[in-house]
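**Q** Just to be clear, the model below is a prediction. Sequence and coordinates:
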Amino acid sequence: MHRIKSGHRGFSLAELLVAMAVGLIVFSGVIGLLIASDETVSDTVQRGEMQENGRLAMALLSKDVMMAGYWGNFTGMDIHEAAGADIRAIRLNQVNGNKVAVQGADCLGEGENNGSFFVENSDFFFRFLWGTHTTFNQIFNGCIVDAVVGSDVLQVKRVLGSTTEQGNEKDTRYYLISTDNQGIIYAGSDATPDIESADINEYLHHIYYIAEEMRGGLLVPVLKRKYLYKTANSTGNQGQLKTYNLVEGVEKLGFLYGIDTDGDATVNYYAKANELDREDWEQERSTIMSVRIHILVRALEQDLSIDNTNIYDLGSYTYQANDNYRRTLFTTTVKIVNAGKEVWRN
């Protein structure tokens with residue numbers, strides 16, 4: 001009997017090994033492509049988040065700095081001088097013997113006249129703009145206890161540019177009612193002071209600083225703002241400073257102050273906070289025309305593929321982390337709208 005030979009045969013060992021090798025190469029390529037794609041997506045998402053957070057933080061700070069020292073219609077005496085028989089100026093409202101004030105510890109910056117409300121009849125100018133560099137967690141007379149060491153802090157006082165109709169004041173806020181030569185700061189829960197042909201603007205005291213908070217096991221930097229506030233049923237002398245979380249991921253703040261020394265409304269030089277003295281902050285011999293703002297934003301999560309050894313220039317100092325976080329630095333210069341002007345502009 002004769003067997004019919006088949007035309008089919010299996011793969012040889014060499015062919016199987018070659019096929020396996022080719023398969024491994026293709027598989028490795030696919031895995032590498034997926035990993036690279038995942039890293040690209042992670043990079044894109046983190047950069048997008050940092051851009052969004054940085055722009056928001058810059059917008060909030062820039063608006064406050066631009067309007068620093070704005071007092072509505074008032075263009076009269078220096079704000080710390082009390083109204084008297086021969087002086088028409090801004091004064092603090094008093095109801096039943098209680099003058100508007102902060103109850104307990106106020107957020108006091110450096111200087112004799114740098115609280116939430118000005119000191120009447122003071123020999124020192126009311127500071128509507130002030131900054132410092134943190135060396136302790138507890139700053140501003142103990143009003144802030146969670147500040148990150150090694151970042152700048154900024155304090156701003158002003159009124160809102162938009163006006164409020166009489167009777168529409170909020171019980172939880174303070175207001176300035178003003179004409180060009182007089183004004184009164186009062187609590188929204190009190191009766192509106194009687195000043196003819198006056199505008200009403202909400203009065204603000206803001207402090208910007210960096211803190212850290214836990215978010216799902218992650219320690220996250222946060223831009224915070226202290227703001228002047230009162231409870232609805234409290235009196236005008238029971239103000240307080242509350243804290244509001246503004247933007248996550250903001251790791252450092254840095255500020256440089258543009259100084260005009262010769263009165264020509266042009267910046268002669270930029271200086272950091274500790275290079276300015278009383279006359280600079282109180283703007284007796286010079287004027288703060290602008291502020292250069294630096295904001296360093298960090299990704300919320302680490303990326304072990306990143307080795308960040310960059311040195312970031314925040315104007316008043318430099319910062320190097322040496323870790324695995326992505327970062328983006330934002331910088332802008334903001335002109336203080338009313339700086340160097342004889343008349344406050346609306």
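**A** Okay, I see it.

**Q** buried set for stretch 254-263?
**A** Gly254, Phe255, Leu256, Tyr257, Gly258, Ile259, Asp260 (16 or more other C-beta atoms under 10 Å). (C-beta placed from N, C-alpha, C; glycine too.)

**Q** Return the closest of those with respect to Ile139.
**A** Distance to Ile139 across the buried residues of stretch 254-263 (C-beta to C-beta) is lowest for Phe255, with 14.9 Å.

**Q** and the closest one, helix, strand or coil?
**A** strand (DSSP: H, G, I helix; E, B strand; the rest coil).

**Q** Could you list the low-pLDDT ranges of the stretch 151-300 of the chain?
**A** Along the stretch 151-300 of the chain, no part satisfies pLDDT under 70.

**Q** what about Leu246, neighbour count?
**A** Counted with other C-beta atoms under 10 Å, residues neighbouring Leu246 total 16.

**Q** could you say what helices and strands the helix or strand hosting it packs with?
**A** Using DSSP states H and E, Leu246 falls within strand 240-248. Contact analysis of strand 240-248 by 3 or more C-beta pairs under 8 Å, 6 or more residues apart in numbering; DSSP states H and E lists helix 13-66, strand 199-215, strand 218-229 as its packing neighbours.

**Q** for the longest one, packing partners?
**A** Helix 13-66 is packed against strand 152-159, strand 199-215, strand 240-248, strand 250-260, strand 287-298, strand 327-335, with contacts defined by 3+ C-beta pairs under 8 Å, 6+ apart.

**Q** thinking again about what came up before, which of the buried residues of stretch 254-263 sits closest to Ala59?
**A** Looking across the buried residues of stretch 254-263 and measuring by C-beta to C-beta, the closest to Ala59 is Phe255, at 16.1 Å.

**Q** List the contacts of that closest one.
**A** Gly131, Asp152, Leu154, Lys272, Ala273, Val291, Arg292, Ile293, His294, Gly315, Ser316 (C-beta atoms under 8 Å, 6 or more residues apart in numbering).

**Q** mind redoing it with 10 Å?
**A** Phe255 is in contact with 61, 65, 129, 131-133, 152-154, 208, 270, 272-273, 291-294, 314-316, counting by C-beta atoms under 10 Å, 6 or more residues apart in numbering.

**Q** now Asp262
**A** Per C-beta under 10 Å, 6+ apart, neighbours of Asp262: Asn268, Ser286, Thr287.

**Q** Narrow those to just the buried residues.
**A** By 16+ other C-beta under 10 Å, the contacts of Asp262 give Ser286, Thr287 as buried.

**Q** all strands of the stretch 51-200 of the chain, in order?
**A** 90-92, 94-95, 98-99, 129-133, 152-159, 174-178, 183-187, 199-215 (DSSP state E, counting those that start in this stretch).

**Q** how about those strands, which one is nearest Gln46?
**A** Per C-beta to C-beta, nearest to Gln46 of the strands of the stretch 51-200 of the chain: strand 199-215, 15.0 Å.

**Q** quick one: strands adjacent to that closest one?
**A** When pairs are called by DSSP bridges, strand 199-215 turns out to pair with strand 152-159 (antiparallel), strand 174-178 (antiparallel), strand 218-229 (antiparallel).

**Q** Which positions within that strand qualify as buried?
**A** Those would be 199-211, for strand 199-215 by 16+ other C-beta under 10 Å.

**Q** Kindly reformat those as JSON lines containing distance to Thr179.
**A** Shown next, in JSON lines, are the buried residues of strand 199-215 (distance: C-beta to C-beta, whole Å):
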{"residue": "Asp199", "distance to Thr179": "8"}
{"residue": "Ile200", "distance to Thr179": "11"}
{"residue": "Asn201", "distance to Thr179": "12"}
{"residue": "Glu202", "distance to Thr179": "17"}
{"residue": "Tyr203", "distance to Thr179": "16"}
{"residue": "Leu204", "distance to Thr179": "20"}
{"residue": "His205", "distance to Thr179": "22"}
{"residue": "His206", "distance to Thr179": "25"}
{"residue": "Ile207", "distance to Thr179": "29"}
{"residue": "Tyr208", "distance to Thr179": "31"}
{"residue": "Tyr209", "distance to Thr179": "35"}
{"residue": "Ile210", "distance to Thr179": "39"}
{"residue": "Ala211", "distance to Thr179": "40"}
